[in-house]
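Peer 1: Sequence first, predicted model second:
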Amino acid sequence: MKDFPQHVKGTIDFFSSRVSLFQEITEVARKILKFFGYEEIILPILEESRVFLKVGEFTDIIEKQMFKIEGRDIVLRPEGTAQVVRFFVENKLWKEKEFHKFFYIGPMFRGEKPQRGRLRQFHHIGAEALGSNFPFLDAEIIKIASDILKELGIKDVKLKINSLGCQQDKEILRKRLKEKLKDKKEKLCSICQKRLDKNPLRILDCKEKRCQEIVKEINIGDFLCNSCQKHFEKVLHYLDKLNISYIYSPTLVRGLDYYTHTVFEITSSHLGSQDACGAGGRYNSLVKSMGGPDIPGIGFALGIERVILLLKEKKKVSHSKVFVAYTPGYFDKAVEILNFLREKGIPSQINYLEKSLKAQLRFSHKIGADFVVIVGEEEVKNNFLTLKNMKKSLQERVSREELLSKIC
């Protein structure tokens, strides 16, 4: 057996129905994001590694997940928010206007062990709003993410939400966690034992059952200052106004240290242990930490590969509206019909391999054609076309003039 080259583990080749789903997801996202006033930006895949130090020195991304360019202080971007803030600060965009809304679609990279829906190269649809701390913006950005999924027909998802409070609240929580868990350190998993000293909030995000059991009584809401508590209550109020159901999750923290105040995840039971298809939150201190002014921000990202997993459970995607089949000797007549359909804007295909009619019909079924038009001796002689409706398993004779009305 020949040793053929293989795709890199943790990456996916996009072809066939996966391409169609990718395009559908991004088209729907662009439409909705532009409707809400978000401007698309396209940023480099390469960034200086220090851009992502702002996500947290002791997060998994910084410690073990970034792909670095050998000999250079350059990495393949692992996430989009810090990059957008770098772009915002570098170009001093706050001087142009007080409030900005951006979105991006593109690949991200993390050097971690691949899992279902968790890849080394993956794609995000992300949105970032910079310049406002108004609680309605938190609810609206959640609505945008929810609307994208709803427009795609994905309804069986859950919104989990929490507030981390301000930086002062987080510092108090870190200290209290260290105090509460120091006597239970040996019971934590090996990773969380290290987190207890460096980044105790990440223990709340651990997926190990023993760690979850230890921290289940901890409620971040108990550590919020009055101002942050009121902000979160208003966010929930606006979610109610927008008819968005949610689950209050008092230990939800997310994996990046720049988050403050509102954090959320959109999850599905169809995705296994890595059940989030989207997530986001506020990062009110990130712009300042990158050298800009004290400007608040909030954003979200949807993982396209994870959304594809959810969509593939719901439908199969057709490659073509119509397949034109023919019997031997009638290819030229079939090409006339093919060109007629294409000129009318109907996606259509034909057999290029001179297969038998039976083989052509099998192929039309394989590619998911909605209709098959058959051209043969009887059809040409009697000036009609045979039209097969593949979804309804119906076959009828139609004139060329009737063809469009039958398939549109």
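Peer 2: Received, thanks.
Peer 1: Distance check, residue 201 against residue 223.
Peer 2: The gap separating residue 201 from residue 223 is 11 Å, by Cβ to Cβ, to the nearest Å. All C-beta spots, glycine's among them, are computed from the backbone N, C-alpha and C.
Peer 1: Need the overlap of contacts for those two.
Peer 2: residue 173 (Cβ atoms under 8 Å, 6 or more residues apart in numbering).
Peer 1: Give me the three-state assignment for residue 299.
Peer 2: Reducing the assignment at residue 299 to three states with DSSP: H, G, I helix; E, B strand; the rest coil gives strand.
Peer 1: The closest residue to it other than its chain neighbours pairs with what?
Peer 2: Here the nearest residue to residue 299 in space, its sequence neighbours aside, is residue 128; by Cβ to Cβ, 6 or more residues apart in numbering that works out to 3.8 Å. The partner list for residue 128 in beta bridges (DSSP bridges) reads residue 102, residue 299.
Peer 1: element containing residue 266, please.
Peer 2: For residue 266, the enclosing helix or strand under DSSP states H and E is strand 260-267.
Peer 1: what sits against the residue nearest to residue 299?
Peer 2: With contact set as Cβ under 8 Å, 6+ apart, residue 128 has these partners: 80, 81, 84, 85, 101, 102, 103, 297, 298, 299.
Peer 1: List the contacts of the fourth one.
Peer 2: Neighbour list for residue 85: 54, 128, 130, 283, 286, 287, 290, 292, 297 [criterion: Cβ under 8 Å, 6+ apart].
Peer 1: Equivalent analysis for the third one, please.
Peer 2: Residues counted as contacts of residue 84 (Cβ under 8 Å, 6+ apart) are 41, 43, 102, 104, 126, 128, 299.
Peer 1: What does the pLDDT read for residue 307?
Peer 2: In this prediction, residue 307 carries a pLDDT score of 94.
Peer 1: for the stretch 101-250 of the chain, what spans make up the strands?
Peer 2: When assigned using DSSP state E, counting those that start in this stretch, the strands of the stretch 101-250 of the chain occupy the ranges 121-130, 158-163, 247-248.
Peer 1: low-scoring stretches of the stretch 201-350 of the chain, by residue?
Peer 2: Counting by pLDDT under 70, the ranges of the stretch 201-350 of the chain that qualify are 313-320.
Peer 1: From residue 352, how far out is the residue nearest to residue 299?
Peer 2: 46 Å.
Peer 1: Please apply the same query to residue 331.
Peer 2: Distance from residue 331 to residue 352, counting by Cβ to Cβ: 10 Å.
Peer 1: what does residue 144 give?
Peer 2: Computed as Cβ to Cβ, the residue 144 to residue 352 distance reads 43 Å.
Peer 1: How about residue 386?
Peer 2: For residue 386, the distance to residue 352 under the criterion Cβ to Cβ works out to 21 Å.
Peer 1: These two - which one has more neighbours?
Peer 2: Neighbours per residue, other Cβ atoms under 10 Å: of residue 386 and residue 352, the larger number sits with residue 386, 16 against 7.
Peer 1: what's the stretch of helix or strand that one belongs to packed up against?
Peer 2: For residue 386, the element it lies in under DSSP H and E is strand 385-389. In this structure, strand 385-389 makes packing contacts with strand 371-375, strand 394-398, helix 400-407, judged by 3 or more Cβ pairs under 8 Å, 6 or more residues apart in numbering; DSSP states H and E.
Peer 1: for the ones you listed, which one ends up most surrounded?
Peer 2: Highest mean neighbour count among the helices and strands packed on strand 385-389 (mean count of other Cβ atoms under 10 Å): strand 371-375, with a mean of 23.
Peer 1: so that one versus helix 400-407, what angle?
Peer 2: Going by axes from the mean of the first three to the mean of the last three Cα atoms, to 10 degrees, strand 371-375 is angled at 160 degrees with respect to helix 400-407.
Peer 1: returning to that earlier point: for my notes, please list the contacts of residue 84 in CSV and give distance to residue 29 for each entry.
Peer 2: Putting the contacts of residue 84 into CSV (distance: Cβ to Cβ, whole Å) gives the following:
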residue, distance to residue 29
41, 14
43, 17
102, 13
104, 10
126, 10
128, 14
299, 14
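Peer 1: circling back to that earlier point, following element in sequence after the strand holding residue 266, please.
Peer 2: Proceeding N to C from strand 260-267, the next assigned helix or strand is strand 276-282, under DSSP H and E.
Peer 1: now that following strand, how far from the centre of its chain.
Peer 2: Relative to the centre of its chain, strand 276-282 is centred 10 Å away, using Cα atoms, centre = their mean, to the nearest Å.
Peer 1: swap in stretch 355-375?
Peer 2: The chain centroid and the centroid of stretch 355-375 are separated by 34 Å, computed with Cα atoms, centre = their mean.
Peer 1: Now the terminal residues of that stretch, how far apart.
Peer 2: Here the two ends of stretch 355-375 are set 14 Å apart, with distance taken as Cα to Cα, to the nearest Å.
Peer 1: same question, stretch 394-408
Peer 2: According to Cα to Cα, stretch 394-408 extends 16 Å from its N-terminal end residue to its C-terminal end residue.
Peer 1: Begin at 731, not 1, for the rest of this chat.
Peer 2: Yes, from this point I'll number from 731; that puts the last item at stretch 1124-1138.
Peer 1: List of residues touching that stretch?
Peer 2: Outside of stretch 1124-1138, the residues that reach it under the criterion Cβ under 8 Å, 6+ apart are 1051-1052, 1067, 1070-1071, 1074, 1076, 1100-1101, 1103, 1113-1119.
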